[in-house]
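1. Return a 3D structure for these sequence lines:
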Amino acid sequence: MTAEIAILNRNGVALAADSAVTVSGPGGTKIYATANKVFALSRHGPVGVMIFGNSEITAVPWETVIKVYRKTLGDRRFPTLSAYGDDFVQFLNKRNRLFPAVQQRLELMGSFHGYCKAILGEIDQELDKLLGSGPVSRVKAETVAGAVIQSHAQQWIRAKYLPGRTPSYVNRVIGIWAVDIDHVVNEVFKNISLAPPSRRALRRIAGQLFAKDLFPEDGVSGVVIAGFGERQHFPSIVVYQLEGIVMDRLKYKRLRSQTIGAGNAESVVMPFAQREMVNLFMEGIDPDFLEMVGATVTGILSGLPDLLIGQLKPPRTRSRAVHNQIGKIAKTLGTEFDKRLREYSRTKHVNPIVQSVGSLPKEELAAMAESLVNLTSFKRRVTRDLETVGGPIDVALISKGDGLVWIKRKHYFSPALNPQFIADYTR
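-> Below is the predicted model:
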């Protein structure tokens, strides 16, 4: 996990990210505080990029991908920041020597294997429920497995195709890698008998994994591109979600974009990944605490009809109608409570901070970004949670006139001992 933030106003953009990276392996989980997550997307244009989530795409580190793209970009510039984002996505969304066919096959099989394991977990849960009443026959287990698999298959059927994907893409994936797909199915479901319809449904799911607009909770990358296009006087930001590349096509979608000034927002504070401390700072209340308060109030109000009926003891012929009426009133009160709580947060906390950020000079933007990332890191350090946020905080500031300037940046080497690197980079 990580903690990152982008803060924008008319003066520029501040990007800040911690250095922690979590690596899981056979020996357990280790956390290193050496990861680079903020980069210049162009050496000539005022544009930066920040990565969160998965540190790789199709087994290639994002740092390598970005630096190869930056070399390909050269001195080309685009009129808008959105055009920079589109060009970066198109660089990934076509045949590329960075992502050989064998690696794309491994990408698909790895994702499909993980998805099949999740399905198997659901099947085991259903079978455990039945085992409480006695032995489960082979036929019954096959029926349960088929029901779970068909439920997932219907979910993928209902999902929309991503742009540029068609049923023919799905058929090509299944046709090219049918043997590998069946091998994964046989390996994961080796202890469960699957009927032919279930096997066909699993093959179809494999073909749709990188064609439909459904993304897993884990294993995806977030890409934040921020800065200025050539025709833009105020900064913009665009956020993408990317999963991987299969059949030379990138699975991605644009999550959000925002432009400062010219009738748009005066400022934006946008946290990524572990954002609870930023939300606490901005909204004046911890998100988990807010959820607990809402759930508690809803639970209390849901018991109000029975409580009042027990106290008022209306005639039996009227009790149901009275119960329903009190229930509607209780639901309205719960909605009004939530509305007033969020309105207070917005007027007393969010709006004043956003207005203040709108007038911050560039130096204060950078200081604020670093402080908010450090706040999340500090919480992880003083609680029993894993320190999944920590290490040096990299801070970059992007302005129209100066481009991307590093306020703080770690190096794995001493710049003083490597003058040739600095000379080559600046050249």
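
2. which helices and strands sit right next to the host helix or strand of Y252?
-> Assigned by DSSP states H and E, Y252 falls within strand 249-259. For strand 249-259, the packing partners by 3 or more C-beta pairs under 8 Å, 6 or more residues apart in numbering; DSSP states H and E come out as helix 81-92, strand 236-246, strand 268-273. For the C-beta atoms, the positions are set from N, CA and C on the backbone; glycine is no exception.

3. what secondary structure does D338 sit in?
-> helix (DSSP: H, G, I helix; E, B strand; the rest coil).

4. quick one: it and A295 touch, right?
-> No: under the criterion of C-beta atoms under 8 Å, D338 is not in contact with A295, lying 10.7 Å apart.

5. With neighbour numbers in mind, choose between these two.
-> Set D338 next to A295 and count neighbours by other C-beta atoms under 10 Å: D338 wins out with 15 against 10.

6. For the more buried one, which residues are in contact?
-> D338 makes contact with 294, 297, according to C-beta atoms under 8 Å, 6 or more residues apart in numbering.

7. before we move on, the earlier item: the strand holding Y252 vs helix 81-92, what angle?
-> Calculated by axes from the mean of the first three to the mean of the last three C-alpha atoms, to 10 degrees, strand 249-259 forms an angle of 170 degrees with helix 81-92.

8. now strand 249-259 and strand 268-273, what's the angle there?
-> Interaxial angle, strand 249-259 versus strand 268-273 (the same axes, to 10 degrees): 150 degrees.

9. which regions of the protein sit below the pLDDT cut-off?
-> Along the chain, the model assigns pLDDT under 70 to residues 1, 23-29, 384-388, 425-427.

10. and the residue nearest to the spatial centre of it, what element?
-> Centroid-nearest residue in the chain, with C-alpha atoms, centre = their mean: G222, separated by 5.6 Å. If you go by DSSP H and E, G222 is part of strand 221-227.

11. How about K379?
-> Using DSSP H and E, K379 sits in helix 362-382.

12. re earlier: parallel or antiparallel, which strands does the strand holding G222 pair with?
-> Partners of strand 221-227 in the sheet, by DSSP bridges, are strand 47-53 (antiparallel), strand 236-246 (antiparallel).

13. Check which helices and strands the helix holding K379 sits against.
-> Judged by 3+ C-beta pairs under 8 Å, 6+ apart, the packing partners of helix 362-382 are strand 3-9, strand 12-17, helix 276-283, strand 394-399, strand 403-408.

14. How about residues contacting the third one?
-> Spelled out, it's helix 276-283. By C-beta under 8 Å, 6+ apart, the surrounding residues in contact with helix 276-283 are 3, 5, 269, 271, 286-288, 290, 345-346, 349-350, 353, 372, 375-376, 379.

15. Any buried residues in the following helix or strand past that helix, and which?
-> Sequence-wise, the next helix or strand beyond helix 276-283 is helix 287-302, with elements assigned using DSSP H and E. Judged by neighbour count using 16 or more other C-beta atoms under 10 Å, the buried positions of helix 287-302 are 290, 297-298, 301.

16. quick one: which of the residues you listed is nearest K129?
-> K129 has its nearest neighbour among the buried residues of helix 287-302 in T298, at 28.1 Å by C-beta to C-beta.

17. and the residue nearest to the closest one when sequence neighbours are not counted, what are its phi and psi?
-> Using C-beta to C-beta, 6 or more residues apart in numbering and skipping the chain neighbours, the partner closest in space to T298 is G334 (5.2 Å). As for G334, its main-chain torsions (degrees, to the nearest 10) stand at phi -60, psi -40.

18. domains in this structure, as residue ranges please.
-> Domain assignment for the chain, taken from automatic domain parsing, gives 3-98+219-275+362-426, 101-208, 283-354.

19. now, of those, which is deepest in the fold?
-> Among the domains of the chain, domain 3-98+219-275+362-426 has the highest mean neighbour count (mean count of other C-beta atoms under 10 Å), at a mean of 18.

20. Distance from it to the middle of the chain?
-> 14 Å (C-alpha atoms, centre = their mean, to the nearest Å).

21. picking up where we left off before, put the alpha carbons of the strand holding G222 into CSV.
-> Provided in CSV are the C-alpha atoms of strand 221-227 (Å, rounded to 0.1, in the frame of the first residue of the first chain):
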residue,chain,number,x,y,z
SER,A,221,-2.4,0.0,-10.9
GLY,A,222,-3.5,3.6,-10.5
VAL,A,223,-1.8,6.2,-12.8
VAL,A,224,-2.1,9.9,-12.0
ILE,A,225,-1.0,12.4,-14.7
ALA,A,226,-0.9,16.0,-13.7
GLY,A,227,0.4,19.3,-15.1
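
22. Quick check: the nearest residue to R165 once chain neighbours are set aside vs N171, distance?
-> Among residues not flanking R165 along the chain, A211 sits closest, at 4.1 Å (C-beta to C-beta, 6+ apart). Applying C-beta to C-beta, to the nearest Å, the value for A211 to N171 is 10 Å.

23. again, but for M368
-> Taking C-beta to C-beta as the measure, M368 falls 51 Å from N171.

24. cool, S19 as well?
-> 44 Å.

25. Same question for M109.
-> Where N171 is concerned, M109 sits at a distance of 18 Å (C-beta to C-beta).

26. cool, L375 as well?
-> Distance from L375 to N171, by C-beta to C-beta: 50 Å.

27. How about L417?
-> L417 sits 56 Å away from N171, taking C-beta to C-beta as the criterion.

28. Likewise for A262?
-> On the measure of C-beta to C-beta, A262 and N171 end up 46 Å apart.

29. Phi and psi next, for I31.
-> Given degrees, to the nearest 10, the pair of backbone angles that I31 has is phi -120, psi 120.

30. Quick one: the helices in the stretch 51-200 of the chain, in order.
-> 62-73, 81-92, 101-131, 138-158, 167-176, 178-188, 196-208 (DSSP state H, counting those that start in this stretch).

31. Of the ones you listed, which is nearest G12?
-> Across the helices of the stretch 51-200 of the chain, closest to G12 is helix 81-92 (C-beta to C-beta), at 12.6 Å.

32. what residues does that closest one touch?
-> Contacts for helix 81-92 (C-beta under 8 Å, 6+ apart): 41-42, 45, 47, 49, 57, 65, 69, 72-73, 78, 223, 225-229, 232, 235-238, 240, 242, 245, 250, 252, 254, 257.

33. Next, the angle helix 62-73 makes with it.
-> If you take the same axes, to 10 degrees, helix 81-92 sits at 110 degrees to helix 62-73.

34. export the helices and strands packed on strand 249-259 to JSON lines and tack on distance to R200?
-> Shown next, in JSON lines, are the helices and strands packed on strand 249-259 (distance: least, C-beta to C-beta, whole Å):
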{"stretch": "helix 81-92", "distance to R200": "31"}
{"stretch": "strand 236-246", "distance to R200": "20"}
{"stretch": "strand 268-273", "distance to R200": "38"}
